[in-house]
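S.K.: Okay, sequence plus prediction incoming.
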Amino acid sequence: MNKERCAWVSEDPVYIAYHDEEWGYPVFEDDRYLFEMLSLEGAQAGLSWITILKRRENYRRAFDNFEADLIAAYSDEKIEELMQDEGIIRNRRKIESVVKNAKAFQQVQKEFGSFSNYIWKFVDREPIVNYWDEHKDVPAQTDLSKYVSKDLKKRGFSFVGPVICYSFMQATGMINDHTTNCFLSKKE
């Protein structure tokens with residue numbers, strides 16, 4: 001029997017696995033994963049998510065498995081090396097933003113004990129569960145994602161606009177936007 005999924009999921013096995021095993025699942029206390037998702041969402045800006053998902057392993061290799069402490073120390077030479085890496089999107093601003101964000105990430109960790117403590121405070125450590133009937137009803141951004149974006153930017157992050165923040169919040173389970181027809185929906 002075929003499972004019914006959110007309308008954005010294609011027949012691509014990469015998309016199906018991401019939807020079924022990751023998207024919308026709350027991620028607490030895993031700063032490395034949260035940094036990975038924030039970085040990948042930033043890389044996606046202007047592109048399709050599948051484009052990034054299919055390069056995910058390349059990104060993990062290129063960016064030291066998204067270990068923020070390693071990335072924060074990247075030199076100009078390392079950035080030039082990344083600009084030559086055909087396995088990732090070779091956009092200088094996006095690559096530099098991962099390094100910049102790693103440094104901001106470290107500061108947030110120092111202030112809040114972890115990035116998880118910081119980011120989950122925006123939803124009182126409780127996922128927001130929405131009950132959208134159709135994919136077209138799901139917003140691209142909300143007042144909350146605008147607020148999170150503004151706070152991240154104030155803390156020195158880049159490529160964290162309101163749409164990227166909303167996608168990040170969906171990806172990490174801060175917001176559950178599985179449509180009501182999806183087998184993963186938390187139906188009322």
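M.R.: Cool, the structure landed. Numbering: from 1, shown residues only.
S.K.: so when I look at Lys100, I'm seeing a helix, right?
M.R.: Yes. The assignment for Lys100 is a helix, going by DSSP: H, G, I helix; E, B strand; the rest coil.
S.K.: Give the full set of residues in contact with the closest residue to it other than its chain neighbours.
M.R.: Using Cβ to Cβ, 6 or more residues apart in numbering and skipping residues adjacent in sequence, the residue nearest Lys100 is Ser158, 5.6 Å away. All C-beta atoms are positioned from the backbone trio N, CA, C, and that covers glycine. By Cβ atoms under 8 Å, 6 or more residues apart in numbering, the residues touching Ser158 are Gly42, Arg93, Ser97, Lys100, Asn101.
S.K.: Which pLDDT value belongs to the nearest residue to Met174 once chain neighbours are set aside?
M.R.: In this structure, Met174 finds its nearest non-sequential neighbour in Val123, 5.1 Å apart by Cβ to Cβ, 6+ apart. Note for Val123: predicted pLDDT of 98.
S.K.: Show me which residues of stretch 42-60 are buried.
M.R.: Neighbour-count burial for stretch 42-60, with 16 or more other Cβ atoms under 10 Å as criterion, is recorded at Gly42, Ala43, Gln44, Ala45, Trp49, Ile50, Ile52, Leu53, Arg55, Tyr59.
S.K.: got it, and stretch 100-119?
M.R.: When neighbours are counted by 16+ other Cβ under 10 Å, the buried residues of stretch 100-119 are found to be 100-106, 108-109, 114-119.
S.K.: Over to stretch 165-185?
M.R.: Along stretch 165-185, these residues count as buried under the neighbour rule (16+ other Cβ under 10 Å): 165-179, 182, 184-185.
S.K.: which non-adjacent residue is nearest Val148?
M.R.: What sits nearest to Val148 in space, not counting adjacent residues and going by Cβ to Cβ, 6+ apart, is Cys165, at 4.6 Å.
S.K.: show me the contacts for Asp12.
M.R.: By Cβ under 8 Å, 6+ apart, the residues touching Asp12 are Ile50.
S.K.: could you pull out the helices for the chain?
M.R.: Residue ranges of the helices in the chain, as given by DSSP state H, are 13-21, 31-44, 49-53, 56-62, 68-72, 76-83, 92-112, 115-120, 143-154, 162-171.
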